[in-house]
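Visitor: Provide a 3D model corresponding to the input given below.
(chains A and B)
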Amino acid sequence: MSAGAIVFDNVSRFYGEVLGINRVNLTIPPGVTSLVGPNGSGKTTLMNLMTGLLRPTRGQVRVLGIRPDDPEKLFRVAGYCAQFDAFPKGLSGYQFIYSYLRVHGFSRADADQRAWQALERAGLTEAAGRVVAGYSKGMRQRVKLAQAIAHSPQVLVLDEPLNGLDPMARAETIALFRSLGEQGMHVIVSSHILHEVDRISDQVILLSHGYVVAEGQIQGVRSEVKEQPAQILIRSNQSQLLAARLFERNHVVEARLEEDGRGLLVRTRDADSLYLLLNSLVVEMGLEVEKVEPADEDVNSVYQYLIGSEGSAT
Amino acid sequence: MNWRLWARQVGAVLKLELKRTLFSRRAWWIYLLAAAPVLLCGAHAVVLLWMQKRAWHSLAEDSIAFAAIYHIFYLRLGIFFGCVGIFMHLFRGEVLEKTLHYYLLAPIRRELLVLGKYLAGLVAGVTYFSLSTAASFLLLPSHFGPAHRDFLFQGPGLDHLGWYVAVTTLAVAGYGGVFLLMGLLFRNPIIPAGLVMVWETNNWLLPSAAQKISVVFYLTNLCPVPAPPKGALAILAVTPDPVPAWMAIPGLLLVTAALIALAALKARRLEISYAE
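Guide: Residues are numbered from 1 along each chain as shown, chains lettered A, B, ... in the order given. Here you go, the predicted model:
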């Protein structure tokens, strides 16, 4: 098993008769990884297994080579922002973070310094003295995030961390995830908001009914979905002519002109052939191409292809 | 082994738990439980002082009356149910409030978490019931004035008080261990608490070996004044086979340690499923 990755080796978890996840084999590298799937698909189960809040019925999990049932080692390197919106009563934002840093074993001075740093990163310095129970939903979400990162973990697991955040806080939080991912941390995020997952993720794991449907970088996952024609957007000065030439090929199943007459959305069963053809047409027709880009290499498209509209992802 | 780190972690848990346990609005009924005998003993003293009827009974009779209150109310009811409320809530309460995961997501051994929580319960329980025991003991015969002072400072009064407080501490320690474990094993505390109560109350009916698996078995003989054998509630204060103090104290501490160890074992396998 890789010591630098999060590894699921044939992991299953059942809740009595009910399936949580089944036969999951995963190796999650550093960077931002999004868990995507409808409600009940097993995202939270996967996160709880990673952090030892649940134990696998079968198989084994290793986080950077550490067993999740060894909290003394695991939570020196891991932090988990769980979905539960509950806090110990009567504690202020600062006391909440400081107290649990003390449980980690940090000295008073160290815990104090780390608590303020985490509060600053979460943009809660001014509200630090207020009781958490009086925080808005977005502030509660941010104080949980601050608590999860306060001990500088290498692995950060975040269950629906963008829930309840206003647009400004979302943008800041996403930027924080990206910067943590770029620093070489493992950032595992579950989210329903697919267009934001696209902005966050280096790789995605798609789950449905407790099974991993696809995993990897989104382009790679998309290219594995052979049965769905690839969508490619071409913007040029001769889109109508281009459409006519493309239709001569069998692999092109649809070509749709955009309203401005310059954009052409092509659906093809063989994207590589289409790109080669486009090269030759540029020379042959004197085509001026403004832009060529895949139109469905995003989480939303892949989600729709693989999982469909069964879930509540948006 | 990193003893300093462990001590710091246990201290941090203890501090957090004391905030939740020691001064909590939720524990109002435990305060009431601890305050009830104090009010009763205080009322007794005030009424007799007001009526100037000291000759109705002797100081020795008040001492026996306190022994009855202690054996029947404190040991069998007050401390018992107080510990149900305090110690069962340590884990179960956090599951209900959905906050236990914060501890489970910290790099702390589960055994230390159990120990920290247990110590917080112990401090809370001993504070409530030792203060209550001492206040009741001092108030009940206080209407005797100088004779009461002589009993305390010239006679065996302070010695008795010391033993009652010691027994209270041991009772909280013992029942604390029982209900800490119960809180980890059962969702609903009422049924297991009822079963423990039946076990403890009927301890004297059990075979000699089974009697030793009991908190009250070790405590009753440590009390400085035995419970009076008469009265409707005397059945609650039946004294089992006498155990000398040198055996009773380590015996109870051993049983308590075993219960905490079992609780730690259970905590090691603890999973979070708040949706249950």
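Visitor: so residue A:143 touches residue A:135, yeah?
Guide: Yes - between residue A:143 and residue A:135 there is a contact under CB atoms under 8 Å: 6.5 Å. C-beta here means a position set from N, CA and C on the backbone, and glycine is covered the same way.
Visitor: of these two, which one has the most company?
Guide: residue A:143 (26 against 18; other CB atoms under 10 Å in any protein chain shown).
Visitor: so, low pLDDT: which residues of the stretch 101-250 of chain A?
Guide: A:222-226 (pLDDT under 70).
Visitor: number of nearby residues for the residue of it found nearest chain B?
Guide: Proximity of the stretch 101-250 of chain A to chain B (CB to the nearest CB) peaks at residue A:102, 3.6 Å away. Look at residue A:102: counted by other CB under 10 Å, it has 23 neighbours.
Visitor: spell out which parts of the stretch 51-200 of chain A neighbour chain B.
Guide: Residues of the stretch 51-200 of chain A found near chain B (CB under 8 Å from any CB of the partner chain) are A:51-55, A:69, A:71-76, A:79-80, A:82, A:84, A:86-91, A:99-100, A:102-105, A:107, A:147.
Visitor: re earlier: element containing the residue of the stretch 101-250 of chain A closest to chain B?
Guide: helix A:93-104 (DSSP states H and E).
Visitor: which residues sit against that helix?
Guide: Helix A:93-104 is contacted from outside by A:75, A:87-88, A:91, A:108, A:110-112, A:114-116, A:118-119, A:124, A:127-130, A:132, A:135, A:139, A:143, A:146-147, A:150-151, B:8-9, B:11-13, B:15-16, B:102-103, B:106-108, using CB atoms under 8 Å, 6 or more residues apart in numbering or on different chains.
Visitor: ok, of the residues of the stretch 51-200 of chain A next to chain B, which come out buried?
Guide: A:51-54, A:71-72, A:74-76, A:79-80, A:82, A:84, A:86-88, A:91, A:99-100, A:102-105, A:147 (16 or more other CB atoms under 10 Å in any protein chain shown).
Visitor: point out where the stretch 101-250 of chain B drops to low pLDDT.
Guide: For the stretch 101-250 of chain B, the ranges with pLDDT under 70 are B:229-242.
Visitor: swap in 90 and give it another go.
Guide: Within the stretch 101-250 of chain B, the stretches with pLDDT under 90 are B:143-148, B:154-155, B:186-193, B:197-248.
Visitor: how about the helices of it, start to end?
Guide: Assigned by DSSP state H, counting those that start in this stretch, the stretch 101-250 of chain B shows helices spanning B:110-139, B:146-153, B:157-185, B:190-201, B:208-211, B:215-219, B:245-268.
Visitor: let's have the ones you listed in TSV, adding distance to chain A and mean neighbour count.
Guide: Output for the helices of the stretch 101-250 of chain B, formatted as TSV (distance: least, CB to the nearest CB, whole Å; neighbours: other CB atoms under 10 Å in any protein chain shown):
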stretch	distance to chain A	mean neighbour count
helix B:110-139	7	22
helix B:146-153	40	14
helix B:157-185	16	22
helix B:190-201	22	15
helix B:208-211	35	11
helix B:215-219	30	26
helix B:245-268	8	17
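Visitor: so can I have TSV of these showing distance to residue B:29?
Guide: Listed next are the helices of the stretch 101-250 of chain B as TSV, based on distance: least, CB to CB, whole Å:
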stretch	distance to residue B:29
helix B:110-139	11
helix B:146-153	31
helix B:157-185	15
helix B:190-201	14
helix B:208-211	31
helix B:215-219	21
helix B:245-268	24
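Visitor: I'd like to know which of those lies nearest to residue A:25.
Guide: helix B:245-268 (27.2 Å; CB to CB).
Visitor: which other helices and strands contact that closest one?
Guide: helix B:110-139, helix B:157-185, helix B:215-219 (3 or more CB pairs under 8 Å, 6 or more residues apart in numbering or on different chains; DSSP states H and E).
Visitor: let me have the ones you listed in a markdown table, extended by distance to residue A:19.
Guide: Formatted as a markdown table, the helices and strands packed on helix B:245-268 follow (distance: least, CB to CB, whole Å):
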| stretch | distance to residue A:19 |
| --- | --- |
| helix B:110-139 | 28 |
| helix B:157-185 | 27 |
| helix B:215-219 | 44 |
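Visitor: which of these sits closest to residue A:35?
Guide: Nearest of the helices and strands packed on helix B:245-268 (CB to CB): helix B:110-139, 27.0 Å.
Visitor: if we can go back for a sec, select only the buried ones of the contacts of helix A:93-104 in PyMOL?
Guide: Here is the PyMOL command that picks out the buried ones among those, judged by 16+ other CB under 10 Å:
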select buried, (chain A and resi 75+87+88+91+111+112+114+115+116+118+119+124+127+128+132+135+139+143+146+147+150+151) or (chain B and resi 8+9+12+13+16+102+103+106+107+108)
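Visitor: for stretch A:89-99, give the mean pLDDT please.
Guide: Per-region confidence: stretch A:89-99 scores 95 on mean pLDDT.
Visitor: got phi/psi on residue A:33?
Guide: Residue A:33 adopts backbone torsions of phi -120, psi 130, taken as degrees, to the nearest 10.
Visitor: likewise for residue A:190?
Guide: phi -110, psi 140.
Visitor: pull the CA atoms of stretch A:238-250 into CSV?
Guide: Output in CSV follows, covering the C-alpha atoms of stretch A:238-250 (Å, rounded to 0.1, in the frame of the first residue of the first chain):
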residue,chain,number,x,y,z
GLN,A,238,-17.1,29.5,-41.2
SER,A,239,-19.1,27.5,-38.9
GLN,A,240,-21.9,26.5,-41.3
LEU,A,241,-19.5,25.2,-43.9
LEU,A,242,-17.5,23.5,-41.2
ALA,A,243,-20.7,21.7,-40.0
ALA,A,244,-21.4,20.5,-43.5
ARG,A,245,-17.9,19.1,-43.9
LEU,A,246,-18.0,17.4,-40.5
PHE,A,247,-21.3,15.7,-41.2
GLU,A,248,-19.5,13.8,-44.0
ARG,A,249,-17.9,11.7,-41.3
ASN,A,250,-19.7,8.8,-39.7
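Visitor: so how far is that stretch off the chain centroid?
Guide: 37 Å (CA atoms, centre = their mean, to the nearest Å).
Visitor: could you give me the buried positions within it?
Guide: For stretch A:238-250, by 16+ other CB under 10 Å, it's A:238-239, A:242-243, A:245-246.
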